[in-house]
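1. the following comprises the amino acid sequence and a computationally predicted model.
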Amino acid sequence: MKLTVFAQLEPLRTRAVAGLFVMMLTAVSFAQAPQLSLADLLIGLRSQKASLQDRNRILTEAVKERGITFAYTPEIAKELATTGASPELLAAIAAKSAPAKPAPTPTPIPTPTPPDFSFYQKRADTNFVKGEYELALADYDKACLLYTSPSPRDS
């Protein structure tokens, strides 16, 4: 009688173990470790829990598996090397880094041409017609300062 109960439970046990295995694989594939930040790498390099060689090896493997969250620049390379990063770690970081975005070229903003004699004269005439005599007088003064008499050759 005992054999028949165990025999009946065997297929159920096999299905349960297979289901657990599938669930574990799914959880592992969805729970991938996040990418490493620059701060993660610097903290790892400064840690005193393992030798520098071991820290470099562990971080190199982590960078290859998880990737990084920052753009690799010469300044960052210098900071990592100063902190103790090995050439292998720097190469792994460079391989995982997205190319740095080039700085956008600024578009020059056109500067308006400065007001000339005719601008101030027209504005003064308009203000004079409106009865704004003080404004008109100020603009006539500016127009006089900017006025250049035509040379005899220009005639």
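-> Arrived safely.
2. contacts only, for residue 45.
-> By CB atoms under 8 Å, 6 or more residues apart in numbering, the residues touching residue 45 are 52, 55, 56, 59, 80, 83, 84, 85. The C-beta positions use only the backbone N, C-alpha and C, and glycine is treated the same way.
3. including distance to residue 146, pLDDT and neighbour count, could these go into CSV?
-> Shown next, in CSV, are those (distance: CB to CB, whole Å; pLDDT from 0 to 100; neighbours: other CB atoms under 10 Å):
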residue, distance to residue 146, pLDDT, neighbour count
52, 72, 92, 14
55, 72, 93, 21
56, 70, 94, 21
59, 68, 95, 23
80, 60, 95, 20
83, 63, 93, 14
84, 67, 94, 15
85, 64, 95, 26
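4. please name the residues that touch residue 62.
-> Applying CB under 8 Å, 6+ apart, the residues near residue 62 are 33, 36, 44.
5. returning to that earlier point: let me know the closest of the contacts of residue 45 to residue 141.
-> Nearest to residue 141 out of those is residue 80 (CB to CB; 65.0 Å).
6. name the helices or strands packed onto the helix or strand encompassing the closest one?
-> In the assignment (DSSP states H and E), residue 80 maps to helix 74-83. If you count contacts as 3 or more CB pairs under 8 Å, 6 or more residues apart in numbering; DSSP states H and E, helix 74-83 packs onto helix 38-46, helix 87-96.
7. again, 6 Å this time
-> Helix 74-83 sits against no helix or strand, with contacts defined as 3 or more CB pairs under 6 Å, 6 or more residues apart in numbering; DSSP states H and E.
8. how about that helix: buried residues?
-> 76, 80 (16 or more other CB atoms under 10 Å).
9. now do it against helix 87-96, angle only.
-> 150 degrees (axes from the mean of the first three to the mean of the last three CA atoms, to 10 degrees).
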